[in-house]
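[1] Would you be able to build a 3D model of this:
(2 chains)
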Amino acid sequence: MALKIVKGSIDRMFDKNLQDLVRGIRNHKEDEAKYISTCIDEIKQELKQDNIAVKANAVCKLTYLQMLGYDVSWAAFNIVEVMSSSKFTYKRIGYLAASQCFHESTDVIMLTTNQIRKDLSSPNQYDTGVALTGLSCFVTPDLARDLANDIMTLMSHTKPYIRKKAVLIMYKVFLKYPESLRPAFPRLKEKLEDPDPGVQSAAVNVICELARRNPKNYLSLAPLFFKLMTSSTNNWVLIKIIKLFGALTPLEPRLGKKLIEPLTNLIHSTSAMSLLYECVNTVYIDVNTPPLPSLSLSLCLYLSLPPQLCVQKLRILIEDSDQNLKYLGLLAMSKILKTHPKSVQSHKDLILQCLDDKDESIRLRALDLLYGMVSKKNLMEIVKKLMLHVDKAEGTTYRDELLTKIIDICSQSNYQYITNFEWYISILVELTRLEGTRHGHLIASQMLDVAIRVKAIRGFAVAQMATLLDNAHLLTGNMQRMGICEVLYAAAWICGEFSEHLENPMQTLEAMLRPKVATLPGHIQAVYVQNAAKLFATVLKSQEGNTDSTAAQETSQLMIDRLPLFVQSANLEVQERASCILQLVKYIQKLQQKDVEVAEEVSALFAGELNPVAPKAQKKVPVPEGLDLDSWINEPPSESESEDEQPKAIFAKEEPKHSRPRREEVDEKELAKRREARKQEQANNPFYIKASPSSQKVYQEAPGVEHIPVVQIDLSVPLKVPGLPMSDQYVKLEEERRQKERAEKKKKEKKKRKEKRSGRGKKHDSGPESEEDITPAHQVDIVTEEMPEWSIITSYIFIKTKSYCVTVHVCSSRPLADSEKLPVRSHRAAEAPKSPTEDGDATSQEPKKKSSKEKREKKKDKDRDRKVRISTGLFLCLLGNHSHLILVSSGLPGINKCIQKSKLVFCFLPLTKVYDIQGNLQDGSQVVVSVIFENKCDSFLKSMEFNVLDSLNSKLQRPEGSGPHDGLTVPFQLPPGVSNEARFVFTVQSIIMPQKLKGTLTFIVKNEDSSTHEKLDFKLHFTCTSYLITTPCYSDAFAKLLESGDLKCSSVRLEGVNMPFHHLLARICFHHHFSVVERIDSCASMYSRSIQGHHVCLLVKTVSIDAKCDEPTLLGNVLDEIKQTFSQC
Amino acid sequence: MQFMLLFSRQGKLRLQKWYVPLSDKERKKISRDLVQTILARKPKMCSFLEWRDLKIVYKRYASLYFCCAVEDQDNELITLEIIHRYVELLDKYFGSVCELDIIFNFEKAYFILDEFLLGGEAQETSKKNVLKAIEQADLLQEVRIFLYHQIHLL
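    Next comes the predicted model:
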């Protein structure tokens, strides 16, 4: 025995051990690969020996080589051999090697199952421990399946050392073999209350990890964990528990309520930053973010601890000198920003400070945060700070990051936060001075976008761009700045396209034709050439007005002199454009020499205006009748080019199509008729951009903008790009503008208050300036309210059209908010002849009351008219429980006059149904809405189109073949003073809930001299009552129904109702379509049935109603509506 | 935790522990990429970075970088704590640990790590218990540690 040991150590002395190997590798730095290959040969020899000590030594060396990146998979079997050694020393090495080298595809793993099982049940706890540790690294589904039971037994081992490991490894087993979870779970749960804290914490760990994957199975453990959370002092465990609750709370909001106290305590008391960070993260981030965003609301209600607390704590983190805490603080802050933007915004100063941090990753985090923090109020200030950093930034990557962030921040959600576009243009211009940026194209596209969409800014933009072009040499000065020369592309295009705003077009033209331009990239030169031609047209126009014709000829000569440079360009595009234009100019020159006026014709080449059109717009244009787009006009060519359905180009010039006369065969009358029809169709189509008289108003500048002085161009300062405005001064100007606005607003408010006198409305005080109060100086040319799809469109296609009537129709203010809607009631039977009114019944009883009511009504009408005048946009009022609807329209500011007199009355008749239904869902799902249109203005109304935005539940039935968003044409026109009724069929799926549908009525108001397109928004209110049909019922059938026991019960109290009982019944009958079954003194039973066959039974007493129905939701809603009816009397 | 890597300032891997099954090729690629990314960072920068869909937490002790990859919901600060605790354990075990101790006794470093973490989760938060377990296990085998007192990590 003793001899054997001696022999073993002698062997070892001759073999190279791990330390020798490491030392050897370190000594053979230059020929490491060669040295290692000899070592591997040695190891192969050693592995062939029978001595397990030698083998173990070899395996140990292999493990080291494996880490260095050498393939040792060939020795897998030897590793298994060493693993199965009975000696702990070697077993340990074998398992270590296996855990490092084995993975799922190692085939010898299946040989290990029995060995591992033996080790797991070994009396030596360290054998078991080593096996468990190794297994955790290379467990496969097969191993998991075969060994799950053994490991489960170990969870109840007497030694906590083994229990702990067994519990932890169960998680890996669950992942590989999920079927084991169910049988093992009870035991795992027991371990949560294990006497050993290590085992307990292991169990918490495992359950927390499991719950992250599938929280809802672990809700039942919440009380247990809650107990642990309040009793445990181990931060490791607490963090896991809090994480677990973060996963559970979204499923069970009541938990949130319970958690407030312990969480608040932890936040206040803990000194461990990791725990604090976890609390903040869990409470405000995990819990508040989707999957269930609606919960965030409820949680905020439950969690009375204000976000300020967390933000305060985060502030401490960010203020810490430790970079790590700073970083995490910012990270958490940006998550809170999503749910509580207000509370984060107050720490703007701190975030801005972080921009100065020396750690770039912290600066980038701070930038991310700033993106979400800007508002109209602070945008200029924040961007100003960022611009300072741009100047200071040393690395190009960081500076480029800053640049993109500035642009992102400014352009986010359609320039929502920009109030002054002159400021923005000057920021962009300042950014062009950055050296070596890669983002020239980004700046360029912003310039183009702003110049096109913000019409009011064009004059200013053009002036700036002209200066840029003039100083192009500063941008193209060295090759490093090549990225930035992209902005010249934008500058040239803007100057050309909007050349009418140029102060000195001649100078710009010259700048664009300088020889240096030829050094620019080809695509920019091409734009230069094209826009030089546009400028040329403008210059000619201005010069021909003068008597002196030589100036015009000189301009032509200039073109002829300079263009050949571009004709020689290597770039095809430049060459082609230049030679075209050169020939054109030569021809013009010839004409000029003959004293022919050419300016008109030349500028006609570039006439027309750009208008924004949604990228999908083309799809919305209806295909004219008889036109089959799929049929071939000519025989298909052999290889046809596929056309892009959506034009990729940003700018496409479209020739006016329909102005070209058709073929002679069609007679003139027919033609006119068709044209008219098409025009109408276009006018009625909500997806066509309509001409409206208000279009001029759209770009009207908000008051105060004229106070912005035009920046003086100072050409005497040579080093700075002359004439480029400093964006800073706008910050100051903007402040002034806002102050002025505020002052004006206050004045107005005072005036209003004086006018109003009676304090009926709860007008909120104009306290501190709020976000909404800041009106932008320029409007961005986009429509978001008209077409829902537009709001998500990020890019626009601009199409140049002349004969299509296209201007954007913008509601300059939103429709009135709910609080501003007028609670108008109408009892005028005359207006709605089709609706039987029971008011007569009521009023005959109380004639005096009625007259006073009328007075009130009139006063309200007056109020309303006044309101109409101040409000723009459209609104409607809803007549509570009356099943009719009165729509009051007002118009856009431009056509207010006409609208004051016009009142459109829609009568919404009690819903009638088409067929008698007996539980037949097909018919029971249809309701007919009768709408009475009455024209109360002096103009002729025509081309009315009725459209409703379908909901999931209710859909307007449209003729076959029309799309789900098409409107229905109202089949008549309305001369002044005439009313008519139209019926629309709706399909309703579920009738148990009331519904509101949004809709639009578009129509043309025609006067003698003009016709305007109008739009009226309304809401259709489908009350539950309207789904009920008055159905007589016999008392015995009624009694049977009540006895059947299928009906759910509910009741409502009628408070403050003091009307005769028969009136009460009459009201319920009339308004809610019930019929009286039986009446005994002051108690009556009533019955009605829904169109889908629900029975509704009422037992009405003077002060309360007991009700039964087979659909509790429907019943609840009907009762609510009844209650509302009476609350309004 | 998905994996832990120890590497030197020269980018040499000193220890690797993978808690997710990956092929050798993927492991090599990940460790190469990550080592490069971390070595490129400036010394004053914070210890966290987002890398692919993982969060990387790393810390440098003398010439050695300790780097852990955790999932998105995991707590960075506690991961940093795990790293520090592991270094403390090494320090206690070797007595003023230095990089060479880990190189020459790399299997010991693994054993300690395995007593501390299991399957990527902390199994024992008490330093004393970890060391006790290691000592007990070492008693079962003939202990031969070569100590290289050079630059201490702590």
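[2] quick one: residue A:114 from chain B, how far?
    Taken as C-beta to the nearest C-beta, to the nearest Å, the spacing of residue A:114 relative to chain B amounts to 22 Å. Every residue, glycine included, has its C-beta placed from N, CA and C.
[3] what's the helix or strand for that residue?
    Counting by DSSP states H and E, the element that carries residue A:114 is helix A:113-120.
[4] The longest helix seen in chain B near chain A anywhere?
    Under DSSP state H, the helix in chain B containing the largest number of residues is helix B:76-94. Yes - judged by C-beta under 8 Å from any C-beta of the partner chain, helix B:76-94 comes into contact with chain A at B:76-78, B:80-81.
[5] Run the chain-centre distance for that helix.
    The gap between the average C-alpha position of helix B:76-94 and the chain average comes to 8 Å, counting by C-alpha atoms, centre = their mean, to the nearest Å.
[6] ok, now stretch B:12-20?
    For stretch B:12-20, the gap between its own C-alpha mean and the chain's C-alpha mean amounts to 8 Å (C-alpha atoms, centre = their mean).
[7] Residues contacting it, please?
    A:67-69, A:100, A:136-137, B:1-8, B:27, B:31, B:35, B:64, B:99, B:102-103, B:106, B:109-110, B:113, B:117, B:119-120 (C-beta atoms under 8 Å, 6 or more residues apart in numbering or on different chains).
[8] quick one, domains of chain A?
    According to the TED database, chain A is divided into the following domains: A:396-608, A:905-1022, A:1028-1127.
[9] For the closest residue to chain B within the stretch 351-500 of chain A, which non-adjacent residue is spatially closest?
    Here the residue of the stretch 351-500 of chain A nearest chain B is residue A:359; by C-beta to the nearest C-beta that distance is 4.7 Å. Of all residues not flanking residue A:359 in the chain, residue B:45 sits nearest, at 4.7 Å (C-beta to C-beta, 6 or more residues apart in numbering or on different chains).
[10] Point out where chain B drops to low pLDDT.
    Residue ranges of chain B with pLDDT under 70: B:141-154.
[11] What are the boundaries of the strands in it?
    B:3-8, B:13-18, B:48-51, B:54-61, B:64-70, B:117-118, B:121-122 (DSSP state E).
[12] Buried deepest among the ones you listed, which one?
    For those, the largest average neighbour count (mean count of other C-beta atoms under 10 Å in any protein chain shown) is found in strand B:117-118, namely a mean of 26.
[13] about what we covered before: list only buried entries from the contacts of stretch B:12-20.
    When those are checked for burial by 16 or more other C-beta atoms under 10 Å in any protein chain shown, the buried set is A:67, A:100, A:136-137, B:1-8, B:27, B:31, B:35, B:64, B:99, B:102-103, B:106, B:109-110, B:113, B:117, B:119-120.
[14] a strand runs through residue A:194, doesn't it?
    No - checked against DSSP: H, G, I helix; E, B strand; the rest coil, residue A:194 lies outside a strand; its state is coil.
[15] With residue A:187 as the reference, measure out to it.
    Spatial separation of residue A:194 from residue A:187 under the definition C-beta to C-beta, to the nearest Å is 11 Å.
[16] got the contact list for the closest residue to residue B:5 other than its chain neighbours?
    For residue B:5, the nearest residue in space outside its immediate sequence neighbours is residue B:67; the separation is 4.7 Å by C-beta to C-beta, 6+ apart. Shown here is residue B:67, whose contacts under the criterion C-beta under 8 Å, 6+ apart are B:4-7, B:34, B:38, B:56-58.
[17] Quickly list what residue B:67 is bridged to.
    Applying DSSP bridges to residue B:67 gives these bridge partners: residue B:5, residue B:58.
[18] count of neighbours near residue A:392?
    When neighbours are defined as other C-beta atoms under 10 Å in any protein chain shown, residue A:392 has 11 of them.
[19] per-residue pLDDT, it?
    For residue A:392, the pLDDT comes out at 78.
[20] For it, give me phi and psi.
    Taking degrees, to the nearest 10, you get phi -80, psi -30 for the backbone angles of residue A:392.
[21] So it versus residue A:976, what's the distance?
    In this structure, residue A:392 and residue A:976 are 70 Å apart, going by C-beta to C-beta.
[22] Spit out the contact partners of the residue nearest to residue A:218 when sequence neighbours are not counted.
    With sequence-adjacent residues excluded and distances taken as C-beta to C-beta, 6+ apart, residue A:218 is closest to residue A:211, at 4.2 Å. Going by C-beta under 8 Å, 6+ apart, residue A:211 touches A:217-218, A:244, A:247-248.
[23] Many thanks, I have nothing further to ask.
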